[in-house]
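Q: Fold the following, please.
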Amino acid sequence: MPEAPEINNVSEYDCCGSNSSLDGKNKKALQFIEDVTSNADEVQRRVLAEILSHSAHVEYLQRHGLNGCTDQETFKKVVPVVTYEDLKPEIDRIANGDASQILCSQPISEFLTSSGTSGGERKLMPTIEEELERRSLLYSLLMPVMNQCVPGLDKGKGMYFLFIKSEAKTPGGLVARPVLTSYYKSSHFIDRPYDPYTNYTSPNETILCPDSYQSMYSQLLCGLYQNTQVLRVGAVFASGFIRALKFLEKNWLLLCNDIRSGTLDPKITDSSVREAVMKILEPNPGLADFIEAECGKDSWSGIITRLWPNTKYIDVIVTGTMSQYIPTLDYYSNGLPLVCTMYASSECYFGLNLNPLCKPSEVSYTLIPTMCYYEFLPVNRKSGFNESFSKPVFLNDKENQDLVDLVDVKLGQEYELIVTTYAGLYRYRVGDILRVAGFKNKAPQFNFVCRKNVVLSIDSDKTDEVELQNAVKNAANNLLSFDASLTEYTSYADSSTVPGHYVLYWEISLSRATPIPPSVFEDCCLTVEESFNSVYRQGRVSDKSIGPLEIKIVESGTFDSLMDYAVGQGASINQYKAPRCVKYAPIVELLNSKVVANYFSPKCPKWAPGHKQWLAED
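A: The predicted model follows:
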């Protein structure tokens, strides 16, 4: 009977041990997956007991009367299901320097900043040092699974575009940063022993460079220079990989000059980056000529396989909102397989895709029972017409409803994910909606359906309907002095540009004939952006992953035409209401056919690392 491995005994399931052959490590990893999925119920009970026994004396559990009990029944009876808002008082205490055992018996080592927001600011997820080892364990399972489908990946390198993001310190002195930034800056990544599966074209120094231009340029340069060694390419999100290709489109002449001469462009001023790249780079005029010839052609169709001819697949997230980028990736790659390897969040890492060469629409993730304790809240969604005219309505959404354990979920049913983690989250609602697609032994496999309540997303940003409505309301106030008002609106995440951007369709009612100056609508664009959360504003200002917001003014009667179209397709006229976000192509085409003017945000919104209240205290 396999136990959920103790982290200090993680070598029992360590797939990266230097004393084993690659085949032996692969077999060990696959056997671990087999063991824990075959005994998922028992492993889950032990994980919960381990978490609760370690945290028996923490303030939060004592307050709820757990009294040291470690069984599932008592835990579910006395500990409530919670959201971030419920835990925010405890998290704020930790952020402000309270080092007592509030949520976890182990010291909180840092906060991981979620792409979800609370009050317009990133959520802060407490974590502990031990979690880095647990994340590393999950990473160590990915390539043994992949190697079953695509053998020989140890014979070359991966060209991955990986980046760190800005970080801040809480008033209590703890670092707050995204989970991947935490991992890339950790010894688990920087000091990793040689492993053919983590052999990347990008030196660590290029990944850890905080300047996004220098990081992207140097990673692309190294990837191009080692082009024949590249067997797989990728980034975290599909949007990030496409940004790299668009960067290449703008800068390939500079990159070719560096390859031809064996020198590095003066714009790369980071000394550690220059030193690391120059260890790789030597003059190669033939390669420069080859790249120039390919990039200089009229079409960039298949550019990935043309420049990196041995590439076997693209490793990016293309589930959820990232699916909008699939056609673009297919164009650039000549239809290479798009591989989604793992499912993770700031709260916890969850599982992996055991069938990585499946179609993007069929991706399912097997949740690894040792990562945390899972529960599932059944969800019934009422979808509007084509899932574009109204966001899903979530029913059976009461905390007193019985939650389902990992091994008791039903095939085809949708659930909201609830987790209890080693780092101090208890029965925490992650906000992801998952659908049971199948089983690996006794462990379920899930399709990612959506992030609850999110209506707009381009990159890691998540904008919900309430936030969108408030932002539009703030912006529409700019029209009042012109005796104009906003009659109706909807929105669209436009991924046809790189970076992608938000589009708002506005139908305006004018009380007088005087035209509204373009500068007023530009101010409206900026007001919307200033009203959005910090993740969106960081994407605009720092990450450059989101383009300027666009408002398209549509002719009078456009939203009546939209309703007529919906009713003609079977929607109920009595229940119809204008959608706040559209995705369905014919609807977008209808709206675009009615556009009479369009305006863009004239500048970036304000943004600075750290929460507003921390900056105020400084």
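
Q: Give me the secondary structure label for Ala493.
A: strand (DSSP: H, G, I helix; E, B strand; the rest coil).

Q: Can you show me the helices along the stretch 501-618 of the chain?
A: Applying DSSP state H, counting those that start in this stretch to the stretch 501-618 of the chain gives helices spanning 518-531, 534-541, 558-568, 585-593, 612-617.

Q: what's the spacing between Val379 and Gly431?
A: Distance from Val379 to Gly431, counting by C-beta to C-beta, to the nearest Å: 11 Å. Every residue, glycine included, has its C-beta placed from N, CA and C.

Q: what residues are shared contacts of the two?
A: Glu416 (C-beta atoms under 8 Å, 6 or more residues apart in numbering).

Q: Look up which helix or strand Phe32 falls in, please.
A: Assigned by DSSP states H and E, Phe32 belongs to helix 22-38.

Q: now that helix: mean pLDDT?
A: Helix 22-38 shows an average pLDDT of 90 in the prediction.

Q: just checking, what packs against it?
A: On a contact count with 3 or more C-beta pairs under 8 Å, 6 or more residues apart in numbering; DSSP states H and E, helix 22-38 meets helix 129-149.

Q: now with 10 Å?
A: helix 40-54, helix 129-149, strand 349-352, strand 365-367, strand 428-440, strand 443-451 (3 or more C-beta pairs under 10 Å, 6 or more residues apart in numbering; DSSP states H and E).

Q: Buried deepest among the helices of the stretch 501-618 of the chain, which one?
A: helix 534-541 (a mean of 24; mean count of other C-beta atoms under 10 Å).

Q: continuing past the lowest-mean-pLDDT helix or strand in the chain, what's the next helix or strand?
A: The least trusted helix or strand in the chain, going by mean pLDDT, DSSP states H and E, turns out to be strand 393-394, with a mean of 43. Downstream of strand 393-394, the next assigned helix or strand under DSSP H and E is strand 404-405.

Q: Within the sheet, what are the partner strands of that next one, with directions?
A: Each strand paired with strand 404-405, and its direction, by DSSP bridges: strand 373-379 (antiparallel).

Q: Please export the alpha-carbon coordinates of the strand it pairs with; CSV is fine.
A: Below are the C-alpha coordinates for strand 373-379, written out as CSV (Å, rounded to 0.1, in the frame of the first residue of the first chain):
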residue,chain,number,x,y,z
TYR,A,373,-6.6,16.6,-0.2
TYR,A,374,-9.3,17.1,-2.8
GLU,A,375,-13.0,17.6,-2.5
PHE,A,376,-15.5,18.5,-5.2
LEU,A,377,-18.6,20.6,-5.2
PRO,A,378,-21.1,19.4,-7.8
VAL,A,379,-22.1,22.1,-10.3
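
Q: Kindly state the distance between the middle of that strand and the middle of its chain.
A: What separates the centre of strand 373-379 from the centre of its chain is 21 Å, taken as C-alpha atoms, centre = their mean, to the nearest Å.

Q: can you state the direction angle for that strand and helix 40-54?
A: 110 degrees (axes from the mean of the first three to the mean of the last three C-alpha atoms, to 10 degrees).

Q: buried sites along strand 373-379?
A: Within strand 373-379, the residues scored as buried using 16 or more other C-beta atoms under 10 Å are Tyr373, Tyr374, Glu375, Phe376, Leu377, Pro378, Val379.

Q: How about stretch 474-484?
A: So for stretch 474-484, counting by 16+ other C-beta under 10 Å, buried means Ala475, Ala476, Asn478, Leu479, Phe482, Ala484.

Q: Report the two of those residues separated the most.
A: Spatial extent of the buried residues of stretch 474-484 (C-beta to C-beta) is set by the pair Ala475 and Phe482 at 13.5 Å.

Q: which stretch of helix or strand covers Val466?
A: helix 465-476.

Q: and that helix, what does it pack onto?
A: Here helix 465-476 touches strand 454-456, strand 484-494, strand 501-510, helix 518-531, going by 3+ C-beta pairs under 10 Å, 6+ apart.

Q: Show me what that helix is in contact with.
A: 117, 120, 390-391, 453-456, 463, 484-486, 489-491, 502, 504, 506, 508, 521, 523-533, 536, 549, 551, 579-581 (C-beta atoms under 10 Å, 6 or more residues apart in numbering).

Q: from the buried residues of strand 373-379, which is closest to Asn355?
A: Tyr374 (20.5 Å).

Q: Tell me which residues touch that closest one, please.
A: 40, 44, 47-48, 348, 350-351, 367-368, 403-407, 409, 415, 417-420, 430, 443-444.

Q: Bridged to Val230, which residues?
A: Lys157.

Q: surely it meets Thr311?
A: Yes: the pair Val230 / Thr311 is scored as a contact, 5.9 Å apart, by C-beta atoms under 10 Å.

Q: Could you pull out the residues contacting both of these two?
A: Gly156, Gly158, Met159, Ile304.

Q: Based on its surroundings, how many neighbours for Glu362?
A: 10 (other C-beta atoms under 10 Å).

Q: Identify the single longest helix in this structure, thanks.
A: helix 238-261 (DSSP state H).

Q: and the very next helix or strand once past that helix, what other elements does it pack with?
A: With elements assigned by DSSP H and E, the helix or strand that comes after helix 238-261 is helix 271-278. Applying 3+ C-beta pairs under 10 Å, 6+ apart, one finds that helix 271-278 contacts helix 204-207, helix 212-225.

Q: Any figure for the gap between Pro517 and Ala484?
A: As judged by C-beta to C-beta, Pro517 and Ala484 stand 11 Å apart.

Q: same check, this time on Val535
A: 31 Å.

Q: Equivalent analysis for Asp432, please.
A: 40 Å.

Q: about what we covered before: and of the buried residues of stretch 474-484, the nearest to Ala288?
A: Using C-beta to C-beta, these come closest to Ala288 at Ala475, 48.4 Å.

Q: From Lys552, how far out is the closest one?
A: 14 Å.

Q: Overlap of the contact sets of those two?
A: Leu504, Trp506, Phe521.

Q: got the contact list for the first one?
A: It refers to Leu504. With C-beta under 10 Å, 6+ apart, Leu504 has these contacts: 456, 468, 471-472, 475, 486, 489-492, 524-525, 528, 549-553, 598-599.

Q: do the last one as well
A: If you count contacts by C-beta under 10 Å, 6+ apart, Phe521 has them with Ala475, Asn478, Leu479, Trp506, Ile508, Ile551, Lys552, Ile553, Ala597, Asn598, Tyr599, Phe600.

Q: If any of the residues you listed are buried, put those into a PyMOL selection.
A: Applying 16+ other C-beta under 10 Å to the contacts of Phe521, the buried members can be selected in PyMOL as follows:
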select buried, resi 475+478+479+506+508+551+552+553+598+599
